[in-house]
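Asker: 3D, please:
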Amino acid sequence: MIPTISLAIDPALASHRAEISYIWRTLLTGMGYGWHEQPWGNAQVTIAYAIDPAQTPPASIVIHARPERWANPAQTHLLGAKRWNGYDLPLLAEDQANAQPTTATGSIHIPDDPIFAAFWLLSGYEEDQYPILKHGYRDLSGTPMLEQGLLRRALASAVGCWLADLLRRSGCPPGLPRWPHGATLAAACGHDVDYPEVVRWLEPLRVLLRQGGRGLGAALDVASGRRAHWHFRSWMELESRIGARSAFYFVARQGSLWEYATGLPDPFYDVQAPHFRALFQELSAAGWEIGLHASYRAYTDRALLAAERARLAAASHQPIDGNRHHYWHLDPLQPEQTLLMHEQVGFRYDASLAHNRYLGWRRSSVWPFFPWHRRLRREIRTLQLPTGWMDDHLFGQKRFNPGDRYALLGELRETVTKQSGLLLVDVHDYVYDDKLFPGWAATYRELWEELAARGRVWFATPAAIAEHWLQRAAQIAAASKGLALAVRHPTTVAQ
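Answerer: Sure thing, here's the model as predicted:
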């Protein structure tokens, strides 16, 4: 039985209904509640979303809408030096959960439109204000997201947690659990397979660049063939001991050293080679997932992305349900155009929305979600699994993430635990050897062991997590009425 709430939305917000319906559906799905939308009138509802709080139907909770923000989200800036959306940053969820009735009818009134704030974060308007760097990366230098650690707070899904707490205090039953088997959070790893086979004359130089003189012995070992990057069984053994399974994302386009040197940094291996075909069979037989690591320029051409998916499927004899883009390389100006391509190609999920430099959640959610396409004004039907940590954040990119790495990962873990979310991490295939990459694999292992020791964690492949969330979302939608989304066929979008 799906717990259901009644909701009324001010008809004066009609011109923004697509966006408003999307964010309400997204939040309520994450919270585990179905919805019955009611006409704006005199009927009692659980929540009224109103422009004028004095002119609302009877409601347990009245949330004050800010139509001027909905009218121009690209020009809205909610992140200030000390306050976010009118709330003290350290007490975002807690202050609102402690809201008290403010009218004679006993309704709880919530000011300043946290619903819009969740939309602004989740749909990418927040990141539009930042400069674009090489590879399409965003520069967050000096921003509250970085300086105040807000990337690690997942403010969009925090709004959903606050609202769920408020509903329970108003007498509603708890929402549908987010995860199976009584788990309070989910955890998954996707290994980007970038350099499984070393270039023996080149890799020693890379070792010395990373480690200086301390890496001389390891560099000589690589040059002589005593150390390599082929560690698939090592990862499998590590994860098996914890009771976990992960995904390996392979690049289906074979690059070259010359292309790499001239600005096209795709890996050099061939997924159709016999030893890769044997590897795919071994991985899938043991329960590990095979996914696509879309090539550097795949975001520019839907046909290219589809061909890469088909090539990997043919080589692995496995369905390719998931994707993560190499270098996180989406359309720099319109990431939703790349995300739409995932739907058009047929991926069940993608995991490419992350910051290359910064630890935390790029779209401020630890819950899976369907991304928003601004021009089509609808959700994209390929699920987004938010990635919170890439291994290099705490090593090669450490200057952007200062502090003790275990404390930083502990902060991520606590955010996911508090919000009953997903902790999806990206650990590259080639960093297992502690002599070549000191501390990289150990950091991942200790994080996973800590989670396993706590218990009530669902370790699963990203594909399994996506399938669970898709089925759960469909179940909630089937029990709901209203909040309709206009869906246009994706091929109407100019490519």
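Asker: name the nearest residue to the residue positioned nearest the centre of the chain, ignoring sequence neighbours.
Answerer: Nearest residue to the geometric centre of the chain (Cα atoms, centre = their mean): P386, 0.9 Å. Of all residues not flanking P386 in the chain, W361 sits nearest, at 5.1 Å (Cβ to Cβ, 6 or more residues apart in numbering). C-betas here are computed from N, CA, C, even on glycine.
Asker: surely that neighbour is in a strand?
Answerer: No: if the criterion is DSSP: H, G, I helix; E, B strand; the rest coil, then W361 is coil and not within a strand.
Asker: please report how far it lies from H393.
Answerer: Using Cβ to Cβ, to the nearest Å, we find W361 at a distance of 12 Å from H393.
Asker: between the two, which one's more packed in?
Answerer: W361 (31 against 24; other Cβ atoms under 10 Å).
Asker: and the pLDDT at the more buried one?
Answerer: Per-residue pLDDT puts W361 at 98.
Asker: likewise for the one 5 residues further on?
Answerer: According to the prediction, V366 has pLDDT 98.
Asker: excluding chain neighbours, what is closest to M145?
Answerer: L151 (5.2 Å).
Asker: and the one you found, helix, strand or coil?
Answerer: Looking at L151 with three-state DSSP, the answer is helix.
Asker: from start to finish, how long is stretch 125-133 in a straight line?
Answerer: End-to-end span of stretch 125-133 (Cα to Cα, to the nearest Å): 17 Å.
Asker: what is the longest helix anywhere in the chain packed up against?
Answerer: Determined from DSSP state H, the single longest helix within the chain is helix 462-478. Packing partners of helix 462-478 (3 or more Cβ pairs under 8 Å, 6 or more residues apart in numbering; DSSP states H and E): helix 17-31, strand 185-193, strand 289-294, strand 322-325, strand 349-350, strand 383-384, strand 422-426.
Asker: what pairs with the second one, parallel or antiparallel?
Answerer: Note on strand 185-193: by DSSP bridges, its sheet partners are strand 247-250 (parallel), strand 422-426 (parallel), strand 457-459 (parallel).
Asker: quick one: that strand to strand 289-294, angle?
Answerer: Strand 185-193 runs at 60 degrees relative to strand 289-294, counting by axes from the mean of the first three to the mean of the last three Cα atoms, to 10 degrees.
Asker: can you check what angle separates strand 185-193 from helix 462-478?
Answerer: Using the same axes, to 10 degrees, strand 185-193 lies at 130 degrees relative to helix 462-478.
Asker: past strand 185-193, which element shows up next along the chain?
Answerer: helix 203-211 (DSSP states H and E).
Asker: so which bits of that next one are buried?
Answerer: For helix 203-211, a neighbour-count test (16 or more other Cβ atoms under 10 Å) marks E203, P204, R206, V207, R210, Q211 as buried.
Asker: next one: L257 from L422, what distance?
Answerer: For L257, the distance to L422 - Cβ to Cβ - is 37 Å.
Asker: which residues sit in contact with V416?
Answerer: Neighbour list for V416: A154, L185, V366, G388, L422, L423 [criterion: Cβ atoms under 8 Å, 6 or more residues apart in numbering].
Asker: next, the distance between the ends of stretch 288-303.
Answerer: End-to-end for stretch 288-303, by Cα to Cα: 27 Å.
Asker: re the thing from before, I'd assumed V366 was in contact with the residue nearest to the centre of the chain.
Answerer: Yes: here P386 reaches V366: they are 6.4 Å apart, a contact under Cβ atoms under 8 Å.
Asker: quickly list what's touching both of those two.
Answerer: L422.
Asker: low-scoring stretches of the protein, by residue?
Answerer: 80-105, 486-495 (pLDDT under 70).
Asker: and the closest residue to E411 other than its chain neighbours, how far from R363?
Answerer: Of all residues not flanking E411 in the chain, R152 sits nearest, at 5.0 Å (Cβ to Cβ, 6+ apart). Distance of R152 to R363, given as Cβ to Cβ: 13 Å.
Asker: picking up where we left off before, comparing L257 and L422, which residue is more hemmed in?
Answerer: Higher neighbour count among L257 and L422: L422, with 28 against 10, using other Cβ under 10 Å.
Asker: how close does the more buried one get to L485?
Answerer: Applying Cβ to Cβ to L422 and L485 gives a distance of 23 Å.
Asker: and what of L27?
Answerer: L27 is 14 Å from L485, by Cβ to Cβ.
Asker: picking that back up, list the contacts of the residue nearest to M145.
Answerer: L151 sits next to L140, M145, H355, Y358, L359, G360, W361, R362, S364 when contact means Cβ under 8 Å, 6+ apart.
Asker: okay, now the residue nearest to I9 when sequence neighbours are not counted: neighbour count?
Answerer: Closest residue to I9 apart from its sequence neighbours, by Cβ to Cβ, 6+ apart: Y49 at 4.8 Å. Y49 has 23 neighbouring residues, counting by other Cβ under 10 Å.
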